[in-house]
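A.B. asks: how does the following fold in three dimensions:
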Amino acid sequence: MSDIENRVQERRQHSHRRIQELVGVRDQMLSLYSELAAQHPFREGDSVNTLLEQFCQMLIDYTADTHFGLYRYVDEKRERRRAVLEVADRIYPTILTTTDSILDFNDKYDFENNREGISLETLEQDLSRLGESLADRIELEDQLIQVLSKGRN
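C.D. replies: Got it, this is the predicted structure:
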């Protein structure tokens, strides 16, 4: 195998690992989302607060992993495949919108940001809106993952 072929194979393996890590973190976040949503009706207490805190942390971890694991790679012009760049350019504005939704949710429900306490009165509606935003984001991410998983274009 030539040096160029080795480098291409190494890049593909690295890309595959990044994708696996992203999907793993995403699955963990979705699991916590489901667990939190199942706590409805939400009542003040340690179990809901603990789960909400864990969910907010995983939500931010997922968002950061996606940004730094997928989009930064494209943003830094390290990706050369035209098909990948086209999908990334098309979906990135919506990804940014979903990131804003995620950060808004975290700002509202993260215990570190809200020392005076968190009200659970609007959690059901906020989780519902966040769930819709996450569904949109995941659908778009899967489009990018699909094109990243293909061979050179």
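A.B. asks: residue contacts, N49?
C.D. replies: N49 makes contacts with F111, I118, as judged by Cβ atoms under 8 Å, 6 or more residues apart in numbering. In short, each C-beta sits where N, CA and C put it, glycine included.
A.B. asks: so, low pLDDT: which residues of the protein?
C.D. replies: Low-confidence regions of the chain, defined here as pLDDT under 70, cover residues 1, 8, 113-117, 151-153.
A.B. asks: which helix runs longest in it?
C.D. replies: With secondary structure taken from DSSP state H, the chain has its longest helix at helix 3-37.
A.B. asks: where exactly do the strands run in this structure?
C.D. replies: Remark: strands of the chain are absent; assignment by DSSP state E.
A.B. asks: which residues are contacting stretch 96-113?
C.D. replies: Residues external to stretch 96-113 that are found in contact with it (Cβ under 8 Å, 6+ apart): 49, 52-53, 56, 59-60, 63, 67, 114, 118, 123, 126, 129-130, 133-134, 136-137, 140.
A.B. asks: now with 6 Å, please.
C.D. replies: By Cβ atoms under 6 Å, 6 or more residues apart in numbering, the surrounding residues in contact with stretch 96-113 are L52, E53, C56, L59, I60, T63, I118, D126, L130, S133, R137.
A.B. asks: over to stretch 125-139?
C.D. replies: The set of residues external to stretch 125-139 that reach it, using Cβ under 6 Å, 6+ apart, is A37, T98, S101, F105.
A.B. asks: again, but for stretch 65-73
C.D. replies: Residues outside stretch 65-73 that contact it (Cβ under 6 Å, 6+ apart): R18, L22, V25, E79.
A.B. asks: any idea how far the longest helix of the chain is from the chain center?
C.D. replies: On the basis of Cα atoms, centre = their mean, to the nearest Å, helix 3-37 sits 11 Å off its chain's mean C-alpha point.
A.B. asks: what packs against that helix?
C.D. replies: Contact partners of helix 3-37 among helices and strands, from 3 or more Cβ pairs under 6 Å, 6 or more residues apart in numbering; DSSP states H and E: helix 46-66, helix 123-149.
A.B. asks: could you give the angle of the first one to helix 123-149?
C.D. replies: Pointing back at helix 46-66 there. Calculated by axes from the mean of the first three to the mean of the last three Cα atoms, to 10 degrees, helix 46-66 forms an angle of 30 degrees with helix 123-149.
A.B. asks: give the burial count for D61, as a bare number.
C.D. replies: Residues contacting D61 under the criterion other Cβ atoms under 10 Å number 14.
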